[in-house]
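> can you look at this prediction? I've put the sequence above it.
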Amino acid sequence: SLHCSDLFAMHPDLLFNAAKGDAMGYPQRIEVPLWSGLRLHALPIGQGANSSAPAPDARSAPAPAVPLKDVETALIRKAVSDAHGNVMKAARTLGISRATVYRRLGVKPK
């Protein structure tokens, strides 16, 4: 089984503090760095009857489980698309090297 420290490059207490929320009990949006160098924007949602966080929107369905590698690849593809094919610009936006973009997409650099 995986621990959150296997995926996230941050101390687990920071995740729990964000899930506890602000003074009003609303969870805080946080930027979560991954060990791969990518960063995710997350909105922690508490679970269980003891959670003080407001319930998630009833219209939102639970997301299917997707391997982290597939999520990273999709984010990189979107960044390249948003940069109109400019890999260097996409890499700069993601905060990773151009070589990492090519490696993650399985493409040989030009």
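Now that the structure is in, tell me what you want to look at. Residues are numbered from 1 along each chain as shown.

> got the contact list for the most centrally placed residue in the chain?
Per C-alpha atoms, centre = their mean, the C-alpha nearest to the average position across the chain is that of residue 40, at 2.5 Å. By C-beta atoms under 8 Å, 6 or more residues apart in numbering, residue 40 lies in contact with 31-32, 34. (Glycine included, C-beta is placed from N, CA and C.)

> repeat that with 10 Å
7-8, 30-34, 68, 71-72, 75 (C-beta atoms under 10 Å, 6 or more residues apart in numbering).

> next, it: secondary structure please.
strand (DSSP: H, G, I helix; E, B strand; the rest coil).

> and residue 76, by the same measure?
Residue 76 ends up helix, using three-state DSSP.

> list the buried residues for stretch 66-79?
For stretch 66-79, burial by neighbour count (16 or more other C-beta atoms under 10 Å) applies to 72, 75-76, 79.

> picking that back up, identify the farthest-apart pair in the contacts of residue 40.
30 and 72 (18.2 Å; C-beta to C-beta).
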